[in-house]
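[1] sequence and predicted model, in that order:
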Amino acid sequence: PVAYTAAGLKDLQLELARVKLAAQRLNVPLSRVFFSSPSPGMLANIFSNNFYATQQDYLDALAAAMATEYKAIHDEGFKLQVDSPDLAMRHTRHRSLQVKVLNQSLEGLDASRIRMH
């Protein structure tokens, strides 16, 4: 099953701390620094679903896992850039579902500190 692991979160926190320190050393406010992360839909386009019975279940699991990453980035004070080229791809079959799970994964975060790419 898809899950955001403690080891993965630790790695992310180390990277966030490294970027935060660099911004501080350069006197760049964190409000001007963005940190990229893929959308659940993008991950579903890259990695095959070999576990879940439906695409809905797979995307729900990806969204739940990515919510952990998005919150960690947001809580550190960065702008979150969600990379979601899947929404512009012609062959995307589950676009409305991908938008729905993306919105779920961003729930509770300050929308003024999120951007799409």
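    Structure's in. What do you need?

[2] how is the spatially most central residue of the chain assigned, secondary-structure-wise?
    Centroid-nearest residue in the chain: residue 37, 4.2 Å away (criterion: Cα atoms, centre = their mean). Following DSSP: H, G, I helix; E, B strand; the rest coil, residue 37 is assigned to strand.

[3] can you check residue 51 too?
    Under three-state DSSP, the three-state class of residue 51 is coil.

[4] so where's this protein shaky on pLDDT?
    Applying pLDDT under 70 to the chain picks out residues 90-93.

[5] could I get the full set of helices for it?
    Under the criterion DSSP state H, the chain carries helices at the ranges 6-25, 40-46, 55-75, 95-106.

[6] so for the second one, what gets flagged as buried?
    Buried residues in helix 40-46, counting neighbours by 16 or more other Cβ atoms under 10 Å, are found at 40, 41, 42, 43, 44, 45. (Each C-beta comes from the backbone N, C-alpha and C, glycine too.)

[7] so who does the fifth one touch?
    Read it as residue 44. By Cβ atoms under 8 Å, 6 or more residues apart in numbering, the contact list for residue 44 reads 55, 58, 59, 62, 86, 94, 98.

[8] contact partners for the first one?
    For residue 55, the residues meeting the contact criterion (Cβ under 8 Å, 6+ apart) are 44, 49, 94, 97.

[9] any idea how far the residue nearest to residue 69 when sequence neighbours are not counted is from residue 43?
    Spatially, and ignoring its direct neighbours in sequence, residue 69 is nearest to residue 37 (5.4 Å; Cβ to Cβ, 6 or more residues apart in numbering). Distance, residue 37 to residue 43, by Cβ to Cβ, to the nearest Å: 10 Å.

[10] you'd agree residue 23 is up against residue 30?
    Yes. Counting by Cβ atoms under 8 Å, residue 23 touches residue 30, with 5.9 Å between them.

[11] what's the overlap in contacts for the two?
    Joint contacts of residue 23 and residue 30 (Cβ under 8 Å, 6+ apart) do not exist.

[12] list phi and psi for residue 47.
    phi -110, psi 130 (degrees, to the nearest 10).

[13] that one and residue 116, how far apart?
    Separation of residue 47 from residue 116 (Cβ to Cβ): 21 Å.
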